[in-house]
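Q: here is my input, please return the structure:
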Amino acid sequence: MECEDNPAQPPVYVYSPEYVSLCDSIMSKVSKRASMVHSLIEAYGLLREMRTVKPKMASMEEMASFHTDAYLQHLQKVSQEGDDDDPESVEFGLGYDCPTTEGIFDYAAAVGGATITAAQCLMDGKCKVAINWPGGWHHAKKDEASGFCYLNDAVLGILRLRQKYDRVLYIDLDLHHGDGVEDAFSFTSKVMTVSLHKFSPGFFPGTGDVSDVGLGKGRYYSVNVPLQDGIQDEKYYQVCEGVLKEVYRAFNPEAVVLQLGADTIAGDPMCSFNMTPEGISKCLKYVLQWQLATLILGGGGYHLANTARCWTYLTGVILGRMLPSEIPDHEFFTEYGPDYVLEITPSCRLDRNEPQKIQEILDAIKGNLKHVV
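A: The predicted structure is shown next:
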């Protein structure tokens, strides 16, 4: 039963005004982003076609299904005090790119809870697709914050789905390697992680080479697709489809978590890949045609207007809607100048991905997946 063609079962869109304002106020790196994304989705009239579900806050117990008690207790302590100088913070990864602002614990619980809420809607059969755009914080480890990620909501969502689905597939299309999710499940054959990302010396987090395949029982259940700067829609989709076809055949998933970080899009300050929402949407459509329970998360995306353009366009794709090019008038309209259109044009940057290298990566992945039983 397809969500987008069945009016009785529209996609679930996890949202509340409180949730969005919390995401806006705490995440200084992307302040206002959650509001911009929601406002544009609303301006295009897409809320009418989805079922809006208010997120619950994650309980301490739910967060502790992955994170250690010591980490959660420390995060709660520094969050109450807004204390950036606690000597213990360093060992928990708090500080430099994960500052401990006041309220950070509530924000983490809100994002984690929103992803768990989305997962629960899928498990209860309320929808085939559930969306939490402010989620997708894939770098956090069980006992440390990392790369702007304080809580790994993707892991919490997967763990919730695992209560019903035996095999869960995690697909990460963010610019950065989904290291926290891969680490969490590197020893199990019940969750396969697939990450397409930039991989080059000195680029965060520095992991995710094609030879990183998982450990123990989870060997060959981690799939990494290391890419170079400048990749564009067509080549990216060919790689993505080539990998996912083999993954689906080998693993036969029952549910999917799809992280769609928009820092791959042309114009992002990360200045690495040269994608447009159209290229990402082809990957999304490929996953949706499996017609599995699918949890959609955001992630990176540091050009705020382009991130809102991207995720709104992808929301339209989920609904089977082609959106008009002109940005509708709404609260953040002026952010979309000077052209005020939904489309994003790739820049004329060089694509550093050599066909021969790409083929070697695909061949290696195909060989590894032969071991998956």
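Q: drop to CA atoms for contacts and neighbour counts, all remaining ones
A: OK.
Q: phi, psi for the closest residue to N353 other than its chain neighbours please.
A: Counting by Cα to Cα, 6 or more residues apart in numbering, N353 lies nearest to Q228, which is 5.5 Å off, once chain neighbours are set aside. According to degrees, to the nearest 10, the main-chain angles of Q228 amount to phi -110, psi 170.
Q: what about K357, neighbour count?
A: 11 (other Cα atoms under 10 Å).
Q: need the pLDDT of it.
A: Note for K357: predicted pLDDT of 98.
Q: go ahead and name everything in contact with stretch 69-89.
A: 60, 63-64, 92, 95, 99-105, 142-144 (Cα atoms under 8 Å, 6 or more residues apart in numbering).
Q: flag every buried residue along that stretch.
A: D69, Y71, L72, H74, L75, Q76, K77, V78, S79, G82, D84, S89 (16 or more other Cα atoms under 10 Å).
Q: and these, which is closest to I41?
A: Using Cα to Cα, S79 comes nearest to I41 of those, at 31.2 Å.
Q: what helix or strand does the closest one sit in?
A: helix 69-81 (DSSP states H and E).
Q: and the angle for the next helix or strand after that helix with helix 69-81?
A: Following helix 69-81 in sequence order, the next helix or strand is helix 104-123 (DSSP H and E). Going by axes from the mean of the first three to the mean of the last three Cα atoms, to 10 degrees, helix 104-123 is angled at 120 degrees with respect to helix 69-81.
Q: what mean pLDDT does helix 104-123 have?
A: 97.
Q: next SSE after that helix?
A: Taking DSSP H and E as the definition, the helix or strand right after helix 104-123 is strand 129-132.
Q: return the distance of the host helix or strand of G279 from the chain's centre.
A: G279 belongs to helix 277-288 when assigned by DSSP H and E. On the basis of Cα atoms, centre = their mean, to the nearest Å, helix 277-288 sits 14 Å off its chain's mean C-alpha point.
Q: check stretch 222-230 too.
A: 16 Å.
Q: what sits against K54?
A: With Cα under 8 Å, 6+ apart, K54 has these contacts: V14, Y15, S16.
Q: equivalent analysis for S189, please.
A: Contacts of S189 by Cα under 8 Å, 6+ apart are K217, G218, R219, Y221.
Q: if we can go back for a sec, which of the contacts of K54 ranks first by neighbour count?
A: V14 (23 neighbours).
Q: can you pull out the strands in the stretch 101-250 of the chain?
A: With DSSP state E, counting those that start in this stretch as the criterion, the stretch 101-250 of the chain has strands at 129-132, 168-172, 191-198, 222-227.
Q: take the ones you listed and write them to JSON lines, including mean neighbour count.
A: JSON lines is the format used below for these (neighbours: other Cα atoms under 10 Å):
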{"stretch": "strand 129-132", "mean neighbour count": "28"}
{"stretch": "strand 168-172", "mean neighbour count": "25"}
{"stretch": "strand 191-198", "mean neighbour count": "26"}
{"stretch": "strand 222-227", "mean neighbour count": "26"}
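Q: closest to V373 out of those?
A: strand 191-198 (11.9 Å).
Q: which other residues reach that closest one?
A: Here strand 191-198 has contacts from 167-178, 181-182, 185, 208, 221-229, 240, 251, 272-273, using Cα under 8 Å, 6+ apart.
Q: quick one on the thing from earlier: select only the buried ones of the contacts of stretch 69-89 in PyMOL?
A: Selecting only the buried entries of those in PyMOL, with 16+ other Cα under 10 Å as the criterion:
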select buried, resi 63+64+92+95+99+100+101+102+103+104+105+142+143+144
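Q: fine by me, we can end here.
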